[in-house]
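Enquirer: Got a sequence here, can you build the structure:
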Amino acid sequence: MKKLILGAAVLIGAALVAGTGSAVAQSQEAVGVYIQKVNPEKLKAAVAKSDAEIADPAKAAKSATWIKRGNTFIDIDTKPVNGLYVGIAEADLKVSIPGEYTVENVNLSGQPYTLYRGDQAHMYLNADGVLAFYTPSIVVDSMALGKAYEAFDKAYQLDPKAAKKVKTGMQKIHENAKLDAEIFFGYIDNLKLANANFTMAYRASAHPAVAQPDTAALFNAGYAAVLMGDFATAVKDMDEVIAMGYESNGNSYYFKAVSQYQAGEKEAALATMEVGRDKFPANENLISLIMAYYSDEDKDPSELVSTVQAAIERNPENGKLYEGLARIYDVLKKYDDAIATIKKAVELSPADWYPSFLEGSYMINKGNAQTTENNARAMSLSSAENQANKDAVNAIYKAALVPLERAFELAPTNVNVVERLKNLTFVLRDDPDVASKYEKYNELSKKLAQ
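Expert: Predicted structure coming up:
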């Protein structure tokens, strides 16, 4: 079950992290590069001065002292990389780096980068020769953003009228912490720091002076906690985002259930799965997880069919319920039932590409299963019988073109639809009715990949 859980989790995470509005993935128009040289001793002196001020009871009683301290720690976090932005060309970067630097080739998370290791920043260029992300090499205080948060919060407690300045500070913390989290998560693969920074981003956004909680950041903090095995934290984070209405189309329940199961809370995990399934019956991760649970616990997964059928009887116009039931049939290898059921979802949502995509996919699954069965019997059959079996499978595959091309008409730039059609028409390329279609989808696939 762990293999299934983590495999699905990786796919989800790639989309979810990107969906938080990552500053990593954004680039500026080229307006020139100016990277100011930073003296780390001055930054340390600013911290020492702030420490002395808050040690003075008179100054420590003033919100302005804490506002200043908060800004000091934000400067410590950001000044070494001020002026850098994603998308800088290598030629522009070379002439802008202050001080000495070295260049080396590195590999992070399976991707090659050119690392410019400077006196105050490490800058990673992708294969296209542009800046992909960067981290400070001057680290005066690794807890700078946390201390900035404490300082601004203290200012707010001393004087709620300072809320405007506190809000500005908290928004900077939110932005910087989320940027750091996405770098740690997506590039450097440090889940502990990703979790800490996503959590900090959420806390800053949820502070009373801001009151705009970034639930996606907290969701991603919980997701990172799942991957690093901190299941108690993951459950807490998912509970909190669910309470705030951030359900991520059922994935919040999925990660909560994963964490509960891995922590040994099997009955609680099943309850979470069932709540999530009832609210999001088409969530394939939840369905797969429930099926895996039933398998691990030696329960009959066919019991799920009657559960969803009962839900359909209560709400027969809910196409997502039919999607969920079809998915269960597909996992149970009852392909004819899956195809018949998903056709109902297509009828209920004719403008939605996804049910048509599933219809074609389940037909392909049926053909694949028949091919496996045919191959197992091939040695005992005559050439004519084997050809007849092959023709029967190809007829199934060819029939799958109808719903898949319907999905393509509804979503002509959807990569999944185009790739499925490309692969299917390649299998059928010897059919004169299909040969030209392979060329069409193959060319479109290449264009979408650019």
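Enquirer: shouldn't D278 be in contact with V308?
Expert: No. Shown here, D278 and V308 do not form a contact pair, counting by C-beta atoms under 8 Å, at 9.3 Å. From N, CA and C alone the C-beta is placed, and that goes for glycine too.
Enquirer: more neighbours, those two?
Expert: V308 (23 against 16; other C-beta atoms under 10 Å).
Enquirer: Could you check the helix or strand in which that one is found and say which residues are buried?
Expert: With secondary structure defined by DSSP states H and E, V308 is part of helix 303-314. Counting neighbours by 16 or more other C-beta atoms under 10 Å, one finds that the buried residues in helix 303-314 are L304, V305, T307, V308, A311, I312.
Enquirer: before we move on, what about stretch 275-293?
Expert: For stretch 275-293, by 16+ other C-beta under 10 Å, it's 275-278, 280-293.
Enquirer: And for stretch 395-411?
Expert: In stretch 395-411, counting by 16+ other C-beta under 10 Å, buried: 396-398, 400-401, 403-408, 410-411.
Enquirer: can you count the residues close to A216?
Expert: By other C-beta under 10 Å, the burial measure for A216, its neighbour count, is 21.
Enquirer: I'd like the buried residues of stretch 395-411 laid out as CSV, including secondary structure and pLDDT.
Expert: Shown next, in CSV, are the buried residues of stretch 395-411 (DSSP: H, G, I helix; E, B strand; the rest coil; pLDDT from 0 to 100):
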residue, secondary structure, pLDDT
I396, helix, 97
Y397, helix, 96
K398, helix, 96
A400, helix, 97
L401, helix, 97
P403, helix, 97
L404, helix, 97
E405, helix, 97
R406, helix, 97
A407, helix, 97
F408, helix, 97
L410, helix, 96
A411, coil, 95
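Enquirer: could the residues you listed be laid out in CSV, adding distance to N107?
Expert: Shown next, in CSV, are these (distance: C-beta to C-beta, whole Å):
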residue, distance to N107
I396, 43
Y397, 40
K398, 44
A400, 40
L401, 41
P403, 42
L404, 38
E405, 41
R406, 43
A407, 38
F408, 37
L410, 40
A411, 35
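Enquirer: List just the nearest of those residues to D433.
Expert: Of all the buried residues of stretch 395-411, D433 sits closest to K398, with 7.9 Å by C-beta to C-beta.
Enquirer: contacting residues around that closest one?
Expert: K398 makes contacts with L428, D431, D433, V434, as judged by C-beta atoms under 8 Å, 6 or more residues apart in numbering.
Enquirer: can you rerun that using 7 Å?
Expert: The neighbours of K398, taking C-beta atoms under 7 Å, 6 or more residues apart in numbering as the test, are L428, D431.
Enquirer: quick one: it from V427, how far?
Expert: 10 Å (C-beta to C-beta, to the nearest Å).
Enquirer: Chain neighbours aside, what residue packs nearest to G129?
Expert: The shortest distance from G129 to any non-neighbouring residue, by C-beta to C-beta, 6 or more residues apart in numbering, is to E90 (4.5 Å).
Enquirer: quick one: the helices in the stretch 151-300 of the chain?
Expert: With DSSP state H, counting those that start in this stretch as the criterion, the stretch 151-300 of the chain has helices at 163-183, 191-206, 215-227, 231-243, 251-262, 266-279, 284-296.
Enquirer: other SSEs contacting the shortest one?
Expert: Other helices and strands packing on helix 251-262, by 3 or more C-beta pairs under 7 Å, 6 or more residues apart in numbering; DSSP states H and E, are helix 215-227, helix 231-243, helix 266-279, helix 284-296.
Enquirer: Contacts made by it with the rest, please.
Expert: 5, 12, 219, 222-223, 226, 231, 234-235, 238-239, 241-242, 246-247, 268-269, 272-273, 275-276, 283, 285-286, 289.
Enquirer: Report the buried members of these.
Expert: Using 16+ other C-beta under 10 Å, the buried ones in those are 5, 12, 219, 222-223, 226, 231, 234-235, 238, 241-242, 246-247, 268-269, 272-273, 275-276, 283, 285-286, 289.
Enquirer: Could you check how far stretch 390-404 is from the centre of its chain?
Expert: 34 Å (C-alpha atoms, centre = their mean, to the nearest Å).
Enquirer: Buried residues, stretch 65-82. List them.
Expert: Buried, per 16+ other C-beta under 10 Å, within stretch 65-82: 65-81.
Enquirer: Narrow those residues to those in helices?
Expert: By the criterion of DSSP state H, membership of those in helices covers 65-78.
Enquirer: Specify which member of these is nearest to A127.
Expert: So of those, ranked by how close each gets to A127 (C-beta to C-beta), first place is T78, at 27.6 Å.
Enquirer: hang on, the closest one packs against N176?
Expert: Yes. Between T78 and N176 there is a contact under C-beta atoms under 7 Å: 6.2 Å.
Enquirer: of all the buried residues of stretch 395-411, which comes closest to L43?
Expert: Closest to L43, out of all of the buried residues of stretch 395-411 and judged by C-beta to C-beta, is A411, at 51.3 Å.
Enquirer: Quick check: the gap between the residue nearest to I242 when sequence neighbours are not counted and D128.
Expert: In space, and not counting its chain neighbours, I242 is closest to S252: 5.1 Å by C-beta to C-beta, 6+ apart. Separation of S252 from D128 (C-beta to C-beta): 35 Å.
Enquirer: So if I had to pick from these two, which one is more boxed in?
Expert: Using other C-beta under 10 Å as the criterion, S252 and D128 rank with S252 on top: 27 against 9.
Enquirer: Look up the pLDDT of the more buried one for me, please.
Expert: Listed pLDDT for S252 reads 96.
Enquirer: Poorly predicted segments of this structure, please.
Expert: Within the chain, the set of residues satisfying pLDDT under 70 comprises 1-33.
Enquirer: so A194 sits right up against A181, yeah?
Expert: Yes. Assessed by C-beta under 7 Å, A194 is found in contact with A181 at 5.0 Å.
Enquirer: These two - which one has more neighbours?
Expert: It is A181, of A194 and A181, that has more neighbours when counted by other C-beta under 10 Å, with 29 against 26.
Enquirer: Any figure for the gap between the residue nearest to that one when sequence neighbours are not counted and V241?
Expert: Counting by C-beta to C-beta, 6+ apart, A181 lies nearest to N197, which is 3.5 Å off, once chain neighbours are set aside. Distance, N197 to V241, by C-beta to C-beta: 17 Å.
Enquirer: For the helices of the stretch 151-300 of the chain, give me TSV that also has distance to A155.
Expert: Formatted as TSV, the helices of the stretch 151-300 of the chain follow (distance: least, C-beta to C-beta, whole Å):
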stretch	distance to A155
helix 163-183	6
helix 191-206	14
helix 215-227	23
helix 231-243	26
helix 251-262	33
helix 266-279	40
helix 284-296	43
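Enquirer: for the ones you listed, which one sits closest to Y354?
Expert: Set against Y354 and scored by C-beta to C-beta, the helices of the stretch 151-300 of the chain come closest in helix 284-296, at 10.8 Å.
Enquirer: so what secondary structure elements neighbour the closest one?
Expert: Using 3+ C-beta pairs under 7 Å, 6+ apart as the contact criterion, the elements in contact with helix 284-296 are helix 2-18, helix 251-262, helix 266-279, helix 319-331.
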